[in-house]
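Novice: 3D, please:
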Amino acid sequence: MALPYKGGGRFNPRFNRQPEPEHRINDRIRVPQVRLVGDNVTVGIYPADEARRIAREQELDLVEISPNADPPVCKVIDYKKFLYEKKRKEKDMKANAKQSEVKEIRFTPGTDDHDFNFKAKHAEGFLKDGNKVKAYVQFKGRAIMFKERGELVLLKFAERLAEFGIPESLPKLEGKRMQLMLTPKGAKKKPKEAAE
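Specialist: Numbering: from 1, shown residues only. Predicted coordinates:
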């Protein structure tokens, strides 16, 4: 009686390979000599075997931190603790680097005062939070004949938010949309934008 087929086939090393560590450590360091640094070690050039022995005596790892130096620089540290602290620092840096967004505010040529004030209040909040504001007037059908009204709406909007944001340029008409970008006050302008 034939046994059911259970997969098999040839062994594929790609699927069983361990991910390469970020740094070469301990026995993976295959150079004749290294420049040794770290706490509780005498800084200097040592044979790799001697450097590994020093790390083992301190119950720490020998980690290659600068492989392109001549000879490579290795540090005696607790590698797992080093990786943990490195990840934590990266996470903290990401959390502190607030992402600036572009918020859009849409008007029509006939936007009334109540709607205008409501939208300007929202834009004020966005600018205070450090986000850019892209205000635009959308022209539908024959409303394009009133592009001056659209420009007035955007200029009035920029004037209303002058305390919180700086226009990057004058309102521009692109297709059936006239737009104006406001940068929060205190944000640095690029030289190109400053020249406009």
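Novice: buried sites along the longest helix seen in the chain?
Specialist: If each helix of the chain is counted by residues according to DSSP state H, the longest one is helix 79-96. Residues 79, 82 are the ones in helix 79-96 that count as buried (16 or more other C-beta atoms under 10 Å). Just so you know, the C-beta spots here come from the backbone N, C-alpha and C atoms, and that holds for glycine as well.
Novice: and the very next helix or strand once past that helix, which strands flank it?
Specialist: Per DSSP states H and E, helix 79-96 leads on to strand 102-107 as the next helix or strand towards the C-terminus. Strand pairing for strand 102-107, determined by DSSP bridges: strand 132-138 (parallel).
Novice: what does the partner strand rub up against?
Specialist: Strand 132-138 is contacted from outside by 100-109, 111, 123, 126-127, 149-151, 153-154, 157-158, 161, 165, 176-184, 187, using C-beta atoms under 8 Å, 6 or more residues apart in numbering.
Novice: ditto for stretch 40-56
Specialist: Here stretch 40-56 makes contact (C-beta under 8 Å, 6+ apart) with 26-27, 29-37, 58, 61-62, 71, 74, 76.
Novice: Buried among those residues? Make that a ChimeraX selection.
Specialist: In ChimeraX syntax, the buried subset of those is picked out as below (16+ other C-beta under 10 Å):
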select :26,29,34,35,36,37,61,62,71,74,76
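Novice: Can you flag which of the contacts of stretch 40-56 belong to strands?
Specialist: Cross-referencing those against strands under DSSP state E gives 33, 34, 35, 36, 37, 61, 62, 74, 76.
Novice: hang on, the first one packs against residue 71?
Specialist: Yes - the pair formed by residue 33 and residue 71 meets the contact definition of C-beta atoms under 8 Å, at 4.9 Å.
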